[in-house]
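> model the structure of this input:
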Amino acid sequence: MAKRIKKPPVRPEVRKRWLKRYEEDGDLPPQIAATDGFDVRTVRKQIEQARQEREVRETRLLVLRNATERHYADICQFAEKLKAHVTGEDSISIFEDDPLWPVLRQHLPRSPLWNLLNRRGTLLERLDGTRGSLRTRLNSEVGADARLKPVLPSGGSGVVLGMVESLTFQVEQWSQERKGLDIEVDFRVKRTEDSLFSIEYGSFHFGNVNDEQQAQTVRDVLADWQLKVVSWEESDEMGRILAELQRTRLKLKDELNTITMRRIVPGRCKYCPL
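Modelled structure (predicted):
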């Protein structure tokens, strides 16, 4: 009895080639078996195995592609939220605690974004300090204005505070070349139920005074201080800070727009799909 010769295992590249011949060239398993010298059952088995291996590869690639797309989408969504936030003055600490913060840093370690965010924080600290200095000086000098002395003891305790806050607001608006409040339009006096006179300037409340003459005095004093405060060093400093802050914000928005518009973030992080 002749000894049966055992054929070596079919190599992966061979069964892939058989699958291609079967699907694309139309060769049937008996033809492939006769041409390559294999048992037809082996050919059928190997073709089916090659098909299963291809399906596994395609499934893995699909899962990897979906995971990668979601990963990039998460980063872009995070960048969109950050972009909306940096236009204001709130701290970015809530973003630094987000798991996506280190992800973005690992993907873009050399991006100008990080220096710009640090610069924004420094400018906001300077802005707060300048506001504080301006309020302190206004409170001292407006509070010492002799024209207000008859008003304050008669119930106008909120007048100085209202002036300080509204003047600080005005300086900030003018520093950004915005109109601010118009004393001809936004200064309002209303009689209250207890026969006092309530003073408002835009959204700022100056409290109540006893009569219309006192209200007129407050208006005149406010108008004078609006002219004086624009020449102060604190006003100039606020203008410089706000101008640089605006430039920094625009650069930040440009960097973040680049991330969100490209949709694919360069670099890698430890959470990137394999």
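
> in three-state terms, label Tyr188 for me.
Careful, residue 188 is Arg; it's not Tyr. strand (DSSP: H, G, I helix; E, B strand; the rest coil).

> ok, it touching Glu200?
Yes: applying C-beta atoms under 8 Å, one finds Arg188 in contact with Glu200, separated by 4.8 Å. Placement of C-beta: from N, CA and C, glycine included.

> settle it for me: which of these two has more neighbours?
Set side by side, Arg188 and Glu200 show more neighbours around Glu200, with 16 against 12, by other C-beta atoms under 10 Å.

> what's the spacing between the closest residue to Ile183 other than its chain neighbours and Ser198?
Spatially, and ignoring its direct neighbours in sequence, Ile183 is nearest to Ala223 (5.6 Å; C-beta to C-beta, 6 or more residues apart in numbering). For Ala223, the distance to Ser198 equals 19 Å [C-beta to C-beta, to the nearest Å].

> neighbour count: the two, which is higher?
Ser198 (16 against 12).

> contact partners for the more buried one?
Going by C-beta atoms under 8 Å, 6 or more residues apart in numbering, Ser198 touches 189-192, 205, 207-208.

> quick one: which of those is most hemmed in?
Result: Asn208 is most packed of the contacts of Ser198 (other C-beta under 10 Å), 22 neighbours.

> wait, a strand at it?
Yes: Asn208: assigned to a strand according to three-state DSSP.

> in which helix or strand does Cys76 reside?
In the assignment (DSSP states H and E), Cys76 maps to helix 40-86.

> which elements pack onto that helix?
In this structure, helix 40-86 packs against helix 12-20, helix 29-36, helix 93-96, helix 100-107, helix 233-262, with contacts taken as 3 or more C-beta pairs under 8 Å, 6 or more residues apart in numbering; DSSP states H and E.

> buried set for the last one?
By neighbour count, with 16 or more other C-beta atoms under 10 Å as the criterion, the buried positions of helix 233-262 are 234-235, 237-239, 241-242, 244-245, 248-249, 251-253, 255-256, 259-260.

> Asn139 contacts Val160, doesn't it?
Yes: using C-beta under 8 Å, Asn139 is in contact with Val160, at 6.6 Å.

> who's more crowded, these two?
Neighbour totals were compared for Asn139 and Val160, and Val160 leads with 23 against 15 (other C-beta under 10 Å).

> what's the helix or strand harbouring that one in contact with?
Of the helices and strands defined by DSSP H and E, Val160 is found in helix 159-175. Residues outside helix 159-175 that contact it (C-beta under 8 Å, 6+ apart) are 131, 134-135, 138-139, 142-143, 148, 151-152, 179-181, 199, 201-202, 204-207, 209, 218, 221-222, 225-226, 229-230, 234-235, 238-239, 242-243.
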